[in-house]
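**Q** I would like the atomic coordinates for the input below:
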Amino acid sequence: MKSDPENSPMSAASTRGPAWVAELFSAMRTAIGAVVIGQNDAIRLSFVTLLCSGHSLYEGVPGVAKTLLVRTLAATLGIRFGRIQCTPDLMPADIIGTPILDPRAGDFRFREGPLFTDLLLVDEINRAPAKTQAALLEAMQERSATVDGVSYPLGEWFTVLATQNPIEQEGTYPLPEAELDRFLFKIRVGYPSAEEEMRVLATHHANRAPLANLHSLLRVDDLASARAVVDATLARDEILQYAVALVRATRDHPAISVGASPRAALWMIRGAKAIATLEGRDFVLPEDVQAVIRPTLRHRIVLEPGAEVEGMSPDDAIDEVVRSVPVPH
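**A** The predicted structure follows:
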């Protein structure tokens, strides 16, 4: 089938600019906010993840709406949604799928598992064993899954939004550094404010079902157009130099034993371009880089043991790095 050039994502991007993406996000944030009370930063970073074709890891204690946020985000998108609940006995075949015998054809055919979707919620990813995490790693990096030597594509919209509980460590398998580095952001989901918690209780007490009333606010070609707008956002050489200086400063910081890699700088710029787009601009400011540096780097650096003993967190070290690097004008 021939594509219609007037309706292609690239032609749409030529008539749809940052203001259109900002309006689209505003509508999505309003719809999601009717279900997920508060968590504005997590909502914004989740949409940025989709704009950047990345994956994100949510970290927070149970009951702060991590899973609900992802389910609600999926409800506003015109893409497929799937969910995997990780357990210590979860095997790669449980998520990828298995070949099964087709008696009519007398041959085996591949039956897809829950991995084959567009937006995949991986609940409690750190409960999955090493083999299953390796399968997820391939899927996140290559956007494909391999079974019996055959590679099956997952599609350009494949996005993993995973959750983990930072408190309970019994029966968990810490994510390897290689897999952590595949996540664009590590998003902290904290407790709501007292006012927001009252709104949560009021909504639940009224027996409302706002999630059931949500509908898709954009089509797949809209998401493609929004990504094209992000791609076209300008990041001047001064901004690129600023990102490089920030990443290199993490390698020289006395409290950091392992600094961020060049891949971190690539994702930082990509995320900053998306933030600029959501602000309705077609160019990146230093403030856009600063807006994404914490979630981009907090899972990519390793603190010195002494710094951890003294109570320093990765975010504290990142803040010191930001203060040490001159801001371009």
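**Q** only C-alpha atoms for contact and neighbour calcs from this point on.
**A** OK.
**Q** where does the chain dip in pLDDT?
**A** The chain contains residues with pLDDT under 70 at 1-14, 168-171, 206-213.
**Q** tell me the bridge partners for the residue positioned nearest the centre of it.
**A** Centroid-nearest residue in the chain, with C-alpha atoms, centre = their mean: S56, separated by 2.6 Å. Beta bridges link S56 to L161, F185 when assigned by DSSP bridges.
**Q** now it: how far from V48?
**A** S56 sits 10 Å away from V48, going by C-alpha to C-alpha, to the nearest Å.
**Q** give the contact list for the residue nearest to the centre of the chain.
**A** Counting by C-alpha atoms under 8 Å, 6 or more residues apart in numbering, S56 touches S46, T49, V160, L161, A162, F183, L184, F185, K186, I187.
**Q** what do you get for L137?
**A** By C-alpha under 8 Å, 6+ apart, L137 lies in contact with E179, R182.
**Q** how about a cut-off of 7 Å?
**A** Residues in contact with L137 (C-alpha atoms under 7 Å, 6 or more residues apart in numbering) are E179.
**Q** how about A135?
**A** In this structure, A135 makes contact with P92, judged by C-alpha under 7 Å, 6+ apart.
**Q** SS state for it?
**A** What DSSP: H, G, I helix; E, B strand; the rest coil gives for A135 is helix.
**Q** tally of neighbours for L278?
**A** By other C-alpha atoms under 10 Å, the residues close to L278 number 24.
**Q** actually, E156.
**A** By other C-alpha under 10 Å, neighbour count at E156 equals 11.
**Q** sec struct for R281, please.
**A** When classified by three-state DSSP, R281 comes out as coil.
**Q** so what would you say the end-to-end distance of stretch 251-267 is?
**A** End-to-end distance for stretch 251-267: 17 Å, by C-alpha to C-alpha.
**Q** so W157, which state does it fall into?
**A** Following three-state DSSP, W157 is assigned to coil.
**Q** I'd like the distance between it and L51.
**A** On the measure of C-alpha to C-alpha, W157 and L51 end up 10 Å apart.
**Q** the two - which one has more neighbours?
**A** A count of neighbours by other C-alpha under 10 Å puts L51 above the other of W157 and L51, at 25 against 18.
**Q** how close does that one get to V327?
**A** Distance, L51 to V327, using C-alpha to C-alpha: 26 Å.
**Q** tell me which element L45 is part of?
**A** Here L45, judged by DSSP states H and E, is contained in helix 40-51.
**Q** about what we covered before: determine which two of the contacts of S56 are furthest apart.
**A** Of all pairs drawn from the contacts of S56, the greatest distance, 13.1 Å, lies between V160 and I187 (C-alpha to C-alpha).
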